[in-house]
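Chemist: Predicted model and sequence below, questions to follow.
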Amino acid sequence: MYYFKFQIPTNADGTRVSYSPGWHGTLDKCPSNVVVDLYDDVQGYGIAHTTDMVIPKELEARTDLQVKTKLSSMKAADGVYFGENINRKWDKEKAEMEKAGLNG
């Protein structure tokens, strides 16, 4: 298993781009069988892992120890999603859209 870090880009106005659950960056050839472990919209990056035997050279590989150390040091905050709260990001966005009357 390989862990990797990916960047979350910003819009022209400086806000983070919107993305769907499971999104793990933009590459010509993305790894398959990816699970996202962390989205940090505040700092603009995420960490994910894949069962692929090789990851593209454009990705920043991380060791198991690096990822476990990083995740154990993370604190729950607005814009930071990991572990069991990772899906909270989309629950919150869905509620905001419904409140604004944008639920389709």
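Modeler: That came through fine.
Chemist: for the chain, longest helix please?
Modeler: helix 88-99 (DSSP state H).
Chemist: can you give me how far that helix is from the chain middle?
Modeler: Taking Cα atoms, centre = their mean, to the nearest Å, one finds helix 88-99 lying 17 Å from the centre of the chain it belongs to.
Chemist: I'd like the mean pLDDT over that helix, please.
Modeler: Helix 88-99 shows a mean pLDDT of 74.
Chemist: Pull up the gap between Glu84 and Leu71, please.
Modeler: From Glu84 across to Leu71, the span is 12 Å (Cβ to Cβ, to the nearest Å). Every C-beta, even on glycine, is put in place using the N, C-alpha and C of the backbone.
Chemist: Any idea which helix or strand in this protein has the lowest mean pLDDT?
Modeler: Lowest mean confidence among the helices and strands of the chain (mean pLDDT, DSSP states H and E): helix 88-99, at a mean of 74.
Chemist: Counting neighbours, which bits of that one end up buried?
Modeler: Under the neighbour-count criterion of 16 or more other Cβ atoms under 10 Å, helix 88-99 has Lys89 buried.
Chemist: Any chance you could give me it in PDB, C-alpha atoms only?
Modeler: Output of helix 88-99 as PDB, limited to C-alpha atoms (Å, rounded to 0.1, in the frame of the first residue of the first chain):
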ATOM      1  CA  ARG A  88     -19.200  15.400   7.600                       C
ATOM      2  CA  LYS A  89     -17.800  17.700   4.900                       C
ATOM      3  CA  TRP A  90     -20.500  16.700   2.500                       C
ATOM      4  CA  ASP A  91     -23.300  16.500   5.100                       C
ATOM      5  CA  LYS A  92     -22.500  20.200   6.000                       C
ATOM      6  CA  GLU A  93     -22.400  21.300   2.300                       C
ATOM      7  CA  LYS A  94     -25.700  19.500   1.600                       C
ATOM      8  CA  ALA A  95     -27.400  21.200   4.600                       C
ATOM      9  CA  GLU A  96     -26.100  24.600   3.400                       C
ATOM     10  CA  MET A  97     -27.400  24.000  -0.100                       C
ATOM     11  CA  GLU A  98     -30.800  22.900   1.200                       C
ATOM     12  CA  LYS A  99     -31.000  26.000   3.500                       C
END
